[in-house]
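K.L.:
model the following, please.
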Amino acid sequence: MGRPRRTPRQQVIAVIVATALGVPALFGVATAVGLVLTPPVDDMPKRVDAILGAHGGTRVPLADVPDQLSEALIAIEDERFYQHRGIDTQGLIRAVLTDLYHHRALEGGSTLTQQLIKLLYLNNNDDGWRKPEDLLLALKLESRFDKHTILENYFNAVYYGHGAYGIGQAAAVYFNEQPAQLDLARASMLAGLPQSPSFYDLYRNPCSARARQFNVLAQMAHVGYISQEAATRAYNEPIGYPCK
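P.N.:
The predicted model follows:
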């Protein structure tokens, strides 16, 4: 006697089950192969030091970066930084849906780890089609270095505008201070600059920079790093770049 034929409903269920079982396995194999093929990231700190050396900067240890500056950066750029392992799946899914809707290459959803990877290993390439390599290298970086090391190197690698590479030069150029001296008002301003140093230029476009600072402070309050009252006080504090 032959095997009974599956009903259409059973066939659909079988396809769903096979997909559910097969896709994760296929993804796991692809990820394992990709991790082998992508370049090593053990030299990450050396690459950051090379950037600083090329522009006359010196490394600022994370211990010398005030907590409110770290919190400002994480709040505005990667609020789940301490929960993910290099890839923020929530942000990535949201970016995929948005990009599919707009019919463009995958953009957005980048974590601080991915931003550091793009800067150090992908020539700061914004081409969304390099996202798979970006993701694999982010996983590799997080498996090699702890969160504090990644955060410290991010602060020292990024460009803040006006020739300031790294947070040490940025604090000096804009406020004539050491990073450890930055208060909430100044920290929230600097945290917003790396996204677009030219657009948020404190000298040429202070109104845009102030708007970005407002967003940083609002996000810090939203995620619970500061109170709304503290955000308001920091925003109203004169820091030398008035919006006219």
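K.L.:
centroid residue for this protein?
P.N.:
Leu112 (2.4 Å; CA atoms, centre = their mean).
K.L.:
test my guess that that residue contacts Ile76.
P.N.:
No. Counting by CB atoms under 8 Å, Ile76 is not a contact partner of Leu112; they are 10.5 Å apart. To be clear about C-beta, it is placed using only N, CA and C from the backbone, and glycine gets the same treatment.
K.L.:
burial of the closest residue to Gln169 other than its chain neighbours, as a residue count?
P.N.:
Excluding its sequence neighbours, the residue lying closest to Gln169 (CB to CB, 6 or more residues apart in numbering) is Gly57, at 5.0 Å. Using other CB atoms under 10 Å, Gly57 has 22 neighbouring residues.
K.L.:
please tell me I have it right and Ala218 contacts Ala231.
P.N.:
Yes. Contact criterion CB under 8 Å: Ala218 and Ala231 qualify, at 6.4 Å.
K.L.:
which one's more surrounded, the two?
P.N.:
Legend: neighbour count by other CB under 10 Å for Ala218 and Ala231, higher for Ala231 (23 against 17).
K.L.:
element containing that one, please.
P.N.:
Mapping Ala231 onto the secondary structure by DSSP states H and E places it in helix 228-236.
K.L.:
what does Tyr154 give?
P.N.:
Element membership of Tyr154, judged by DSSP H and E, is helix 147-157.
K.L.:
do the same with Cys243
P.N.:
If you go by DSSP H and E, Cys243 is not part of any helix or strand.
K.L.:
pull the contacting residues for it.
P.N.:
Neighbour list for Cys243: 206-207, 210 [criterion: CB atoms under 8 Å, 6 or more residues apart in numbering].
K.L.:
repeat that for Ser198.
P.N.:
Contacts of Ser198 (CB under 8 Å, 6+ apart): Gly161.
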